[in-house]
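Q: What follows is a protein structure lacking sequence information:
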C-alpha cells in the first residue's frame, strides 16, 4: 500500500513538473490491449507479485493466464522449474506466434 501511495505522488509531481502524462497502470494496459493474450509468471515467494499478477488477470481473465511458481524468487522461475517453464512459456510463445489462421 505504501508503494501505491508513493507512486501516486511521484506521478502527480511528474505531471506538474513536466509535459509527460502519468503512465497507464499495467492492469489498464492489459485491458486496453485488445485481443493480445498474456502469460504472467509470478514468484511464489513474493506475495506482492502474486497479488499484482492476479490484479492484471482480473482486467480480462480469458486473455490473461497467471502461473505462480511456488518456490521461485523474482525472476527465478526458469531456474526453479525448468521443465515446467519450458512447457508453459515456450508453449505459450509457440501458440501466440502462429499465424492467426492456423490457431485452434
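A: Thanks, I have it. Source: prediction; values computed, not measured.
Q: From now on I want contacts and neighbour counts done on CA atoms only, so please keep to that.
A: OK.
Q: Quick one: low-confidence residue ranges for this structure.
A: When residues are selected by pLDDT under 70, those of the chain lie in 1-2, 101-104.
Q: Strands of that one, residue ranges please.
A: Using DSSP state E, the strands of the chain run over 38-43, 64-69.
Q: And for the first one, what's in contact with it?
A: I take that to be strand 38-43. Here strand 38-43 makes contact (Cα atoms under 8 Å, 6 or more residues apart in numbering) with 49-50, 53, 63-77, 89, 92.
Q: quick one on the thing from earlier: to residue 7, which of the strands of the chain lies closest?
A: Closest to residue 7 of the strands of the chain is strand 38-43 (Cα to Cα; 21.1 Å).
Q: most distant residue from the middle of the chain?
A: Within the chain, the residue lying farthest from the chain centre (Cα atoms, centre = their mean) is residue 17, at 29.2 Å.
Q: And residue 4, how far from residue 10?
A: Look at residue 4 and residue 10: by Cα to Cα, to the nearest Å, they are 10 Å apart.
Q: residues in contact with stretch 90-104?
A: Here stretch 90-104 has contacts from 37, 39, using Cα under 8 Å, 6+ apart.
Q: quick revisit: most neighbours per residue, which of the strands of the chain?
A: Mean neighbours per residue, mean count of other Cα atoms under 10 Å, is largest over those for strand 38-43, with a mean of 21.
Q: Bridge partners for the residue most central in space within the chain, pull those for me.
A: For the chain, the residue sitting closest to the mean C-alpha position, by Cα atoms, centre = their mean, is residue 40 at 4.5 Å. Taking DSSP bridges, one finds residue 66 as the beta-bridge partners of residue 40.
Q: that older thread, give me the buried subset of the contacts of strand 38-43.
A: Neighbour counting over these (16 or more other Cα atoms under 10 Å) leaves 49-50, 53, 63-69, 72-73, 77, 89 as the buried ones.
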